[in-house]
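J.: model the following, please.
(4 chains)
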Protein chains: 2
Amino acid sequence: MPRQAKAKVTPIWRKEARADHIYRVAAEIMCRKGYEATSMNDIADAVGLTKAGMYHYIQGKEHLLFEIMSFAMDMVDENVIAPTRDIEDPEERLRALVQRHAGRILEVGGEVTILLEEMWALTPAHRRIIRGRKREYFEMVRQTLQQLASAGKLRQVDPSVATFSLFGMINWISRWYRRDGKIPKEVVLKDFTELAVCSVLKTPSISSGKKYRALS
Amino acid sequence: MPRQAKAKVTPIWRKEARADHIYRVAAEIMCRKGYEATSMNDIADAVGLTKAGMYHYIQGKEHLLFEIMSFAMDMVDENVIAPTRDIEDPEERLRALVQRHAGRILEVGGEVTILLEEMWALTPAHRRIIRGRKREYFEMVRQTLQQLASAGKLRQVDPSVATFSLFGMINWISRWYRRDGKIPKEVVLKDFTELAVCSVLKTPSISSGKKYRALS
DNA sequence: GTCTATAAACGGATAGAC
DNA sequence: GTCTATCCGTTTATAGAC
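T.: Got it, this is the predicted structure:
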């Protein structure tokens, strides 16, 4: 293979890898300080480039945010929605949804979720896209609760209020959970799932404590 | 009373009333667009003054935020903490806390709560003050849950995780509740309180549905 | 008290050298 | 690819006239 061809090809994946790195760093900073309070200089410093140098890899600040949000939604689609969509029992599905979403936040950090709130910073076109994807997810959870209501398993509450309440609990995690905290991640996940599921269900039949009770 | 004295006195309350108005307007805009995305011009336009004119009443942008946050904490102290502090039964106290805090958000809007999240925008000194007040409130709720745990009424979960989870539900309200929505405020408050209390309690003895059951 | 005018710094983004 | 230099708009905040 001639030298020229190699020199042509290598930069392609290199460029995308570098761009990915910028996304990750930007997500971390924006999550900590907020989108508006984060300057392109902050990000450039953190990745070890000048601001101008960084613009070789990205299209602009708003576009950067949109890509991060899209990545976050991809992760929810892949790790939360897709694996639970086909669970028939709504109670089991709800538990899996909560556990997977919360687990994801504990695992990868709030970067993926918390930035989804900066909707007003997006262009109208981008905002429509993200809002649509969020709404789809919301509807999936709400319908699960509606199914539970039909089965008489839901508390006597409005399913929408219950869904919002669940999302509040979940989305708040990244604001208080610290990797270096006293409570181990596994305990947090188990306790949190219990709290979330029990908040909406009258009498949860599959509790996270079930297997322990069965063993004792 | 001589004219001069009157002229000296009147401006005092007038100035403070005007300042209060600025705080309220600023809180509303900042809550909607975020602190960083809100310019002093936005606020000045909304109160019908030029930016320079507004500086006659306020000390600066950061100080404005600090005053709004302090006001929000005052409201929590007054309407949530003070009226519930002396309730002896921890279960009753918890229910009152949730109901009052949620009710306050439904009533006055998210301006009071949502801006409390912009901690990074404060000077270190101001941040310390607000963080201290928030922590005090958190501890009060946590100790209530701890009491419930001692009485065997709490679910088998870490009290801190449960407290964070409660705050997540509560603080999220202002992101989804719309005054002009379909569900009446009273229903939202009743359902929400039910969800929050039931999330942490094994077997709630005083439920919001209690009186209806007693009547039927 | 409220304005016009402006200072001084910083924001995102680009041009063009290397 | 990465840099220096720079454009241009906007920001907070103030000076000083009225």
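J.: okay, and the helix or strand of chain A with the least pLDDT?
T.: Within chain A, confidence by mean pLDDT, DSSP states H and E is lowest for helix A:210-215 among all helices and strands, at a mean of 42.
J.: what residues does chain A have near DNA strand C?
T.: A:38, A:39, A:40, A:41, A:51, A:52, A:55, A:60, A:61, A:62 (Cβ under 7 Å from any atom of the strand). No exception for glycine: its C-beta is placed from N, CA and C like everyone else's.
J.: among those residues, which are within reach of DNA strand D?
T.: Within the residues of chain A next to DNA strand C, those near DNA strand D by Cβ under 7 Å from any atom of the strand are A:51, A:52.
J.: top of the residues of chain A next to DNA strand C by neighbour count?
T.: Using other Cβ atoms under 10 Å in any protein chain shown as the neighbour test, those are led by residue A:38, with 21 neighbours.
J.: and which of the residues of chain A next to DNA strand C is nearest DNA strand D?
T.: The closest of those to DNA strand D turns out to be residue A:52 (Cβ to the nearest atom of the strand; 2.9 Å).
J.: ok, that closest one to residue B:23 distance?
T.: 41 Å (Cβ to Cβ, to the nearest Å).
J.: try residue A:168
T.: 27 Å.
J.: of these two, who's got more company?
T.: Using other Cβ under 10 Å, the more surrounded residue of residue A:168 and residue B:23 is residue A:168, with 24 against 19.
J.: just give the nearest non-adjacent residue to that one, would you?
T.: residue B:172 (2.7 Å; Cβ to Cβ, 6 or more residues apart in numbering or on different chains).
J.: what number of residues lie near that neighbour?
T.: Neighbourhood size, residue B:172 [other Cβ under 10 Å]: 23.
J.: hmm, residue A:170 and it touching each other?
T.: No: at 9.3 Å, residue B:172 does not count as touching residue A:170 under the criterion of Cβ atoms under 8 Å.
J.: where do the domain boundaries of chain A fall?
T.: For chain A, automatic domain parsing gives the domain ranges A:1-58, A:60-215.
J.: now the helices for chain A?
T.: Remark: helices assigned in chain A by DSSP state H are A:3-33, A:40-47, A:51-54, A:61-76, A:82-84, A:90-108, A:111-114, A:124-150, A:159-176, A:185-200, A:210-215.
J.: closest to residue B:77 out of those helices?
T.: helix A:159-176 (21.5 Å; Cβ to Cβ).
J.: packing partners of the closest one?
T.: Contacts defined by 3 or more Cβ pairs under 8 Å, 6 or more residues apart in numbering or on different chains; DSSP states H and E place helix A:159-176 against helix A:90-108, helix A:111-114, helix A:124-150, helix A:185-200, helix B:159-176, helix B:185-200.
J.: now do the buried residues in that helix.
T.: For helix A:159-176, burial by neighbour count (16 or more other Cβ atoms under 10 Å in any protein chain shown) applies to A:159-174, A:176.
J.: identify the residue nearest the geometric centre of chain A.
T.: Centre of chain A computed as the mean C-alpha position; nearest residue by Cα atoms, centre = their mean is residue A:113, 3.8 Å away.
J.: pretty sure that one contacts residue A:72?
T.: Yes: taking contacts as Cβ under 8 Å, residue A:113 lies within contact range of residue A:72: 6.3 Å.
J.: low-confidence stretches in chain A?
T.: Applying pLDDT under 70 to chain A flags the ranges A:1-15, A:206-216.
J.: who in it is up against chain B?
T.: Residues of chain A lying close to chain B by Cβ under 8 Å from any Cβ of the partner chain are A:32-34, A:36-37, A:117-118, A:120-121, A:155-158, A:160-162, A:164-165, A:167-173, A:175-176, A:183, A:187-188, A:191-192, A:194-196, A:198-200, A:209.
J.: quick one, what contacts residue A:168?
T.: B:168, B:169, B:170, B:171, B:172, B:173, B:175, B:176 (Cβ atoms under 8 Å, 6 or more residues apart in numbering or on different chains).
J.: closest to residue B:93 out of those residues?
T.: Distance to residue B:93 across these (Cβ to Cβ) is lowest for residue B:170, with 15.2 Å.
J.: which ones are touching the closest one?
T.: Taking Cβ under 8 Å, 6+ apart, one finds A:168, B:98, B:101, B:102, B:105, B:113, B:196 in contact with residue B:170.
J.: any idea how far DNA strand C is from residue A:166?
T.: Going from residue A:166 to DNA strand C by Cβ to the nearest atom of the strand, to the nearest Å gives 34 Å.
J.: ditto for residue A:141
T.: 34 Å.
J.: hmm, that residue is touching residue A:98, no?
T.: No: with contact defined as Cβ under 8 Å, residue A:141 does not count as touching residue A:98 (9.0 Å).
J.: common neighbours of those two, please.
T.: Contacts common to residue A:141 and residue A:98, judged by Cβ under 8 Å, 6+ apart, are residue A:166.
J.: and the contacts of residue A:168, which is closest to DNA strand D?
T.: residue B:175 (23.4 Å).
J.: hmm, back to that, looking at the helices of chain A, which is nearest to residue B:134?
T.: Closest to residue B:134 of these is helix A:159-176 (Cβ to Cβ; 11.4 Å).
J.: and the closest one with helix A:124-150, angle?
T.: Per axes from the mean of the first three to the mean of the last three Cα atoms, to 10 degrees, the angle that helix A:159-176 makes with helix A:124-150 is 120 degrees.
J.: the inter-axis angle of helix A:159-176 versus helix A:185-200?
T.: Using the same axes, to 10 degrees: helix A:159-176 against helix A:185-200 is 160 degrees.
J.: how far is helix A:159-176 from where the chain is centred?
T.: Distance of helix A:159-176 from its chain centroid, counting by Cα atoms, centre = their mean, to the nearest Å, is 12 Å.
J.: just want the angle from that helix to helix A:90-108.
T.: 20 degrees.
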